[in-house]
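Visitor: Coordinates for the following, if possible.
(one chain, ligands or ions: 3)
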Amino acid sequence: MRHKHLQEWIDETVSWCEPDRVVLWQGTKSEYDNLAEAQIRAKKAIRIDNKHRKNCILFRTDPSDVARVEQRTFISTKNERDAGPTNNWIRSDILKDEMKRRYQGSMRGRTMYVIPFSMGPIGSVFSKIGVEITDSPYVVLNMHIMTRTGDKVLDILGENGDFVKCLHSVGYPLSPGQADPLWPCTPIEEKFISQFPEDNMIWSYGSGYGGNALLGKKCFALRIASNQARREKWLAEHMLILKLTSPEGTTKYLTGSFPSACGKTNLAMINPTLAGWKAETIGDDIAWLRFKDDGRLYAINPEAGFFGVASGTSWKSNPNAMKTIESDTIFTNVALTDDGDVWWEDMTETKPSHLIDWQGRDWYPDSPNKAAHPNCRFTAPASNCPVIAENWEDPEGVPISAMLFGGRRPSTIPLVYQSFSFEHGVFLASIMGSEITAATISDKIGIVRRDPFAMLPFIGYHISDYIEHWLEMGKLTSSEKLPLIFSINWFRKDEFGNYLWPGFGENSRVLKWIFNQSEGLSRGIASPVGIIPAANELDLTGLDIDENAIEKLFEVDTESWKAEIASIEDHYKLYGDLLPEELSKQLDLLKQRVGI
Ligand code: GTP
Ligand code: SPV
Ligand code: MN
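Guide: Ligands and ions are numbered 1, 2, ... in the order given. Reported below is the predicted structural model:
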């Protein structure tokens, strides 16, 4: 090991966690294949290799460890002020002591893996290096797909390069002869997902699942990176990145911020139903953005794979995802068919007559439980995606023309509206709401909560400072070079609870309007909340949809907006004295336009 400080950290971790063995991950396919094979032999995973799928594996987790745990996620700093009102906080020295005690001997009987990884294309100015130490082979396999790992990263680090220390343990040491459970983890109240932004460090303990354990993702690329971004004047956001080309051959890049399980992967892989339009994927979950010398905002996808929601994914809703997961994919908490393939709710129109469910039990169509967990996932290399853009790994990033913000709102919020200005755009992103989904462990699934910028669980510092940072970023260039900002809602429902908008590929109609707005090809008309498409500007050619539904999709109903404004005011109380002035100004303007 050339990097002395990294070696010291490895040695220190060994002395705390006392693993039986240490493996330095080199990032090769043969290591991946061997480790996957070992998991299958140890009956921790099931091989999925059949006429539909090659070289895939299925993991089943403990039924308690199925999603992110926001209630056990901490932004840990010296002062509570710096974590702000949207984060759980424990003083950093206290939390470190508490967690150090838990790490003591926590890897006994296990192998400790050291995974150097790069978020972003290796060597790009956007990119950052991390090293994850983990005792979970599942995490190693996933990190291998989700990030760029191994020797090439150590080469970049050299003798003294900077890296984010990411320590992870499932918190289940084994004494000699003790059998290892299928999915070792701790009870929920003993889990800790801790970010220490002042030390560029992450300590995760007790969970093996997704964003709790794949530390390059939410913990680093959003919570720690949002701190780095604030210091270094860039943005780390929960955003997909889409490349959109018109029938005339003009290409634009858009970002989309939607909360967890609200449609990023689907939009990132959209198959446009509008003739002649081409959409390609750059990223499906996280974007790192910075201004370049030409005054435009550029984005990269820091990840190398997709950790996508499997349930609901079908040949009808997302054929590109279905092709992406035909090989080299890890499935988690999906059901197993009698012919050794995977299945989840809504994958096929008719349910199979028998399955093994995500907990390994027999399942029949009349079983009361879902066959797959609602937050079941696939982990697949981005390069598998049939519509991945050829420039998705461009170290220079791609220039962003428009930013979309949206959530699951069954009422009130129009299908699409554009902000009157960048500042108004920051306001509309700050008031975003969405129904809570199964992507986090919660007893409030389905209830609308405010989720500013789709970043509520991911902003790694005080939310007031986050809003101010966005406003400052907007001043770094001239207003005509800033991306346009749009509010989106695919999820508005009628009085019977049916979606008013068909969604998925038909969302290309909304993308076309957004494209036209940014090209100056359409103008829209002002509504009290923002600019909506003028008559005939939303291309509905060939779409079988009721005129009433369209009207309802764009309705700005004064009574509902009064209630919405009351709820926004309530949410803004969270900021206390630190509500950014621009937000209260924008709220006043909204009230005037709505007429209250
Ligand atoms: P994370 O990976 O948790 O960040 O989620 P995501 O934002 O990438 O969400 P994803 O695209 O995986 O979608 C989650 C769920 O929303 C799936 O069950 C989809 O079928 C559903 N969905 C996505 N797009 C649409 C849409 O346009 N309309 C409707 N009605 N449902 C959608
Ligand atoms: C999300 O919850 O937004 C995800 C899945 O993308 S996880 O990696 O678990 O955070
Ligand atoms: Mn996500």
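Visitor: how much space between the residue lying closest to Pro272 once chain neighbours are set aside and His238?
Guide: Excluding its sequence neighbours, the residue lying closest to Pro272 (CB to CB, 6 or more residues apart in numbering) is Ser508, at 3.4 Å. C-beta: built from backbone N, CA, C; applies to glycine. Ser508 is 22 Å from His238, where distance means CB to CB, to the nearest Å.
Visitor: out of these two, which sits in the more crowded spot?
Guide: His238 (26 against 22; other CB atoms under 10 Å).
Visitor: Next, count neighbours for Asn212.
Guide: By the criterion of other CB under 10 Å, Asn212 has 27 neighbours.
Visitor: got a list of what it touches?
Guide: Neighbouring residues of Asn212 by CB atoms under 8 Å, 6 or more residues apart in numbering: Asp65, Arg68, Val69, Lys191, Ile193, Ser204.
Visitor: what do you get for Ser64?
Guide: Contacts of Ser64 by CB under 8 Å, 6+ apart are Cys185, Pro187, Ile188.
Visitor: Also Pro457?
Guide: Per CB under 8 Å, 6+ apart, neighbours of Pro457: Arg68, Glu70, Thr73, Lys218, Ser260, Thr440.
Visitor: Equivalent analysis for Ser226, please.
Guide: So Ser226 contacts Ala236, Met455, Phe458, Ile459, Gly460, Tyr461, Tyr466 (CB under 8 Å, 6+ apart).
Visitor: Which positions in the stretch 401-550 of the chain make contact with ligand 2?
Guide: Taking CB under 6 Å from any ligand atom, the part of the stretch 401-550 of the chain that reaches ligand 2 is made up of Ala439.
Visitor: where along the stretch 401-550 of the chain do the helices fall?
Guide: Secondary structure of the stretch 401-550 of the chain (DSSP state H, counting those that start in this stretch): helices at 422-430, 463-474, 508-519, 547-554.
Visitor: In CSV: these, plus mean pLDDT.
Guide: Formatted as CSV, the helices of the stretch 401-550 of the chain follow (pLDDT from 0 to 100):
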stretch, mean pLDDT
helix 422-430, 98
helix 463-474, 98
helix 508-519, 98
helix 547-554, 97
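Visitor: would TSV of the ones you listed with distance to Ser15 be doable?
Guide: Shown next, in TSV, are the helices of the stretch 401-550 of the chain (distance: least, CB to CB, whole Å):
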stretch	distance to Ser15
helix 422-430	45
helix 463-474	37
helix 508-519	54
helix 547-554	60
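Visitor: Confirm that Tyr253 sits in a helix.
Guide: No: the assignment for Tyr253 by DSSP: H, G, I helix; E, B strand; the rest coil gives strand, which leaves it out of any helix.
Visitor: and the residue nearest to it when sequence neighbours are not counted, what are its bridge partners?
Guide: Spatial nearest neighbour of Tyr253, excluding adjacent residues (CB to CB, 6+ apart): Val398 at 4.4 Å. Using DSSP bridges, the bridge partners assigned to Val398 are Ala299.
Visitor: Might you report the residue contacts of Val398?
Guide: By CB under 8 Å, 6+ apart, the contact set of Val398 is Ile241, Lys243, Tyr253, Ile282, Tyr298, Ala299, Ile300, Asn391.
Visitor: In space, what's closest to the one residue in the stretch 101-250 of the chain that gets nearest to ligand 3 - neighbours in sequence excluded?
Guide: In the stretch 101-250 of the chain, the residue that lies nearest ligand 3 is His238 (5.8 Å; CB to the ion). With CB to CB, 6+ apart as the criterion, His238 has its nearest non-adjacent residue at 4.6 Å, and that residue is Ala454.
Visitor: what residues are up against the residue nearest to Phe554 when sequence neighbours are not counted?
Guide: Distance criterion CB to CB, 6+ apart; nearest residue to Phe554, sequence neighbours excluded, is Pro414 at 5.0 Å. Residues near Pro414 by CB under 8 Å, 6+ apart: Ser487, Asn489, Arg492, Ser527, Val529, Gly530, Ile532, Leu553, Phe554, Glu555, Val556.
Visitor: Return the distance of the second one relative to Pro483.
Guide: Going back to what we said before, that points to Asn489. Distance of Asn489 to Pro483, given as CB to CB: 19 Å.
Visitor: okay, those two: which has more neighbours?
Guide: Higher neighbour count among Asn489 and Pro483: Asn489, with 26 against 23, using other CB under 10 Å.
Visitor: Next to ligand 2, which bits of this protein? Give me the list.
Guide: Going by CB under 6 Å from any ligand atom, the residues of the chain near ligand 2 are Arg68, Gly210, Gly211, Lys217, Lys218, Ser260, Asp285, Phe307, Ala439.
Visitor: Mind doing that once more with 8 Å?
Guide: Neighbours of ligand 2 within the chain, by CB under 8 Å from any ligand atom: 67-68, 209-212, 214, 217-218, 238, 259-261, 264, 285, 307, 309, 375, 377, 439-440, 457-458.
Visitor: Of those residues, which belong to strands?
Guide: Phe307, Val309, Arg377 (DSSP state E).
Visitor: Which positions in stretch 412-431 come out as buried?
Guide: 412-420, 422-431 (16 or more other CB atoms under 10 Å).
Visitor: Alpha carbons of stretch 59-76, in PDB - could you do that?
Guide: In PDB, the C-alpha atoms belonging to stretch 59-76 read as follows (Å, rounded to 0.1, in the frame of the first residue of the first chain):
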ATOM      1  CA  PHE A  59     -30.500 -12.100  -2.200                       C
ATOM      2  CA  ARG A  60     -33.100 -12.200   0.400                       C
ATOM      3  CA  THR A  61     -32.700  -9.900   3.400                       C
ATOM      4  CA  ASP A  62     -33.900 -10.100   6.900                       C
ATOM      5  CA  PRO A  63     -37.600  -8.900   6.900                       C
ATOM      6  CA  SER A  64     -36.600  -6.000   9.200                       C
ATOM      7  CA  ASP A  65     -33.800  -4.700   6.900                       C
ATOM      8  CA  VAL A  66     -35.500  -3.800   3.700                       C
ATOM      9  CA  ALA A  67     -35.000   0.000   3.100                       C
ATOM     10  CA  ARG A  68     -33.200   3.100   4.300                       C
ATOM     11  CA  VAL A  69     -33.800   4.000   8.000                       C
ATOM     12  CA  GLU A  70     -34.200   7.700   8.200                       C
ATOM     13  CA  GLN A  71     -34.900   7.600  11.900                       C
ATOM     14  CA  ARG A  72     -31.500   6.100  12.500                       C
ATOM     15  CA  THR A  73     -29.600   8.400  10.100                       C
ATOM     16  CA  PHE A  74     -27.500  11.100  11.600                       C
ATOM     17  CA  ILE A  75     -25.700  14.200  10.500                       C
ATOM     18  CA  SER A  76     -23.100  14.400  13.300                       C
END
